[in-house]
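Student: Just a sequence and a predicted model for now, questions to come.
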Amino acid sequence: MPAWYSTWFTAGAAAAALLLVSACASRSNEIAAKPADPAFYAAWPCERLFDETDAVQQQAADVAYAVDSRAGNNIIALGLGLTVFWPALLAMRPDGPEAVELAALKGRFEALRAAALGKACGTPTDTLSTQRQAALPVALGERLVYDDRTGTTARSLAMQVSGLRRDGIEFRVQFDGQWQAEAWQQDWAGNSVLEGRPALIGWRRLLKSGLVLGQVLAGELAGAQEVVASARVRGQVVATGPQTVAGRNFDVAVIELFGEAPGGGAVSGSSDGSTRLDGVMAVDRQNGVLLRLELHSANPAFAVRRRLMRIEPAAP
C-alpha cells in the first residue's frame, strides 16, 4: 500500500518529519487548512476518493518543490519524498499565493480523508484500478521500442510495461536485446526515480500532469551514470494536442528545453565549469509516457536523441 496512508497515522514519523523541516527550512510554522466540506465527496466511490487524494498529494509536492527551490532549501530535492514527509510539507509556510494553495490542498486532503473514513473505504491497493488501466494508451506487458542515440552510441532501446501502480509506471529495460537488472520507474507526470535506474538520462520534478500551452517548467537532469542530478533545466510547453505516434493515440505536450550542464572538461571547452544544454521533449500529458527526447550539449553525458518507433503487444 502507498506509504503515506500508514505515515499519516504514525505520530512518530510525522514528528520526525516536522523536526527535519525545522532543522532544514525557515518556514516551519503550521499552515492552517482552508476548510473543505467532506459532504462534497460523500457520493464518490472509494476508488475515486483514493485517486483524488493521490492527485492532491502530487499538487502539494509540486508547490513545495517550487517554494523550496527559490529558498535554496528543497526537501524533495534532498530525496526525502512526498509519500513519507507529507506532514512536513504541509507544515511549510511560504509567502504569497503558494501559502494559500498549500492551505487549500491541506483542507482538501482532510476532507477526502474524512469522506473515505465515513465510507469505511479502508486502504487502497498499490495496483492501479482496472478502470484506470483501460484508459491508458499503453498496457501491461507491451514493449515500447525506441531509436536511441546517446552521444556517439546508437542502440536499440525497449521498455516493457511491467507495473501500473497508483504512484506511477514501471518498465523493464532492454538494451540491444539484453535485459537490465534495474527498472525504470516514473510518476504519472513522467518524472523518473533517479536512484537505482538503468543507464538512461533521468529527470526529476520537471514535468507536471495535464500540461498546458505556454506553461513554464523547471527541474533537474542526471546523466545516465549519475544518481545525483547535476544539470538544471527549464522548459516551456510549445504545443499540445492529440497525435498518433507508433500507431497509438496520445495526448501530447511538446516542451522546449534549455539550461546548463556540467562543462565536461576539455570536451565542452567551457571555462566556467558549465556548458549550454537545449533540446525538446514530447510526452503524453496524462501519464508521462516519453515519445521523444532530444538533448544537445557539448557534454556527451547530456547529448541524446530518442524517438518512439513502435509498440509491440504483450506476449500471450
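Tutor: That came in fine, so what should we check first? Not measured: the values here are computed from a predicted model. Numbers count the residues shown, from 1 in each chain.

Student: so what's the residue nearest to residue 214 when sequence neighbours are not counted up against?
Tutor: Spatial nearest neighbour of residue 214, chain neighbours left out: residue 237 (6.2 Å); criterion: CB to CB, 6 or more residues apart in numbering. (C-beta placed from N, C-alpha, C; glycine too.) Counting by CB atoms under 8 Å, 6 or more residues apart in numbering, residue 237 touches 211-215, 217, 253-255.

Student: Most neighbours among the residues you listed, please name it.
Tutor: The residue in these with the most neighbours, by other CB atoms under 10 Å, is residue 253 (29 neighbours).

Student: And the residue nearest the centre of the chain, how far from residue 209?
Tutor: In the chain, the centroid-proximal residue (CA atoms, centre = their mean) is residue 191; its distance is 3.1 Å. According to CB to CB, to the nearest Å, residue 191 stands 10 Å off from residue 209.

Student: what's the overlap in contacts for the two?
Tutor: Shared contacts of residue 191 and residue 209, counting by CB under 8 Å, 6+ apart, come down to residue 288.

Student: Which residue ranges of the stretch 201-316 of the chain form strands?
Tutor: According to DSSP state E, counting those that start in this stretch, the stretch 201-316 of the chain carries its strands in the segments 202-204, 216-222, 231-245, 248-262, 274-284, 290-297, 304-312.

Student: I'd like those strands as TSV, with mean pLDDT and distance to residue 53 appended.
Tutor: As requested, the strands of the stretch 201-316 of the chain are exported to TSV (pLDDT from 0 to 100; distance: least, CB to CB, whole Å):
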stretch	mean pLDDT	distance to residue 53
strand 202-204	92	23
strand 216-222	92	24
strand 231-245	95	27
strand 248-262	95	23
strand 274-284	95	23
strand 290-297	96	27
strand 304-312	96	31
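
Student: Between these, which one is closest to residue 134.
Tutor: Closest of the strands of the stretch 201-316 of the chain to residue 134 is strand 248-262, at 14.2 Å (criterion: CB to CB).

Student: So for the closest one, what gets flagged as buried?
Tutor: Burial within strand 248-262, assessed by neighbour count using 16 or more other CB atoms under 10 Å, is assigned to 248, 250-255, 257, 259-262.

Student: And for stretch 287-301?
Tutor: 287-295, 297-299, 301.

Student: Check stretch 43-56 too.
Tutor: Burial within stretch 43-56, assessed by neighbour count using 16+ other CB under 10 Å, is assigned to 44, 49-56.

Student: and which of the residues you listed is nearest residue 159?
Tutor: Of all the buried residues of stretch 43-56, residue 159 sits closest to residue 54, with 23.1 Å by CB to CB.

Student: Confirm that that closest one sits in a helix.
Tutor: Yes. Read with DSSP: H, G, I helix; E, B strand; the rest coil, residue 54 is one of the residues of a helix.

Student: For it, give its distance to residue 46.
Tutor: Distance, residue 54 to residue 46, by CB to CB: 13 Å.

Student: One more: residue 315?
Tutor: Look at residue 315 and residue 46: by CB to CB, they are 33 Å apart.

Student: Repeat that for residue 227.
Tutor: Using CB to CB, residue 227 is found at 37 Å from residue 46.

Student: Work out for me the element residue 57 sits within.
Tutor: Using DSSP states H and E, residue 57 maps to helix 46-71.

Student: Likewise for residue 172?
Tutor: strand 168-175.

Student: Just list whatever residues bridge to the residue nearest to residue 214.
Tutor: Residue 237 has these beta-bridge partners by DSSP bridges: residue 255.

Student: now residue 216
Tutor: Here residue 216 shows beta-bridge partners residue 236, assigned using DSSP bridges.
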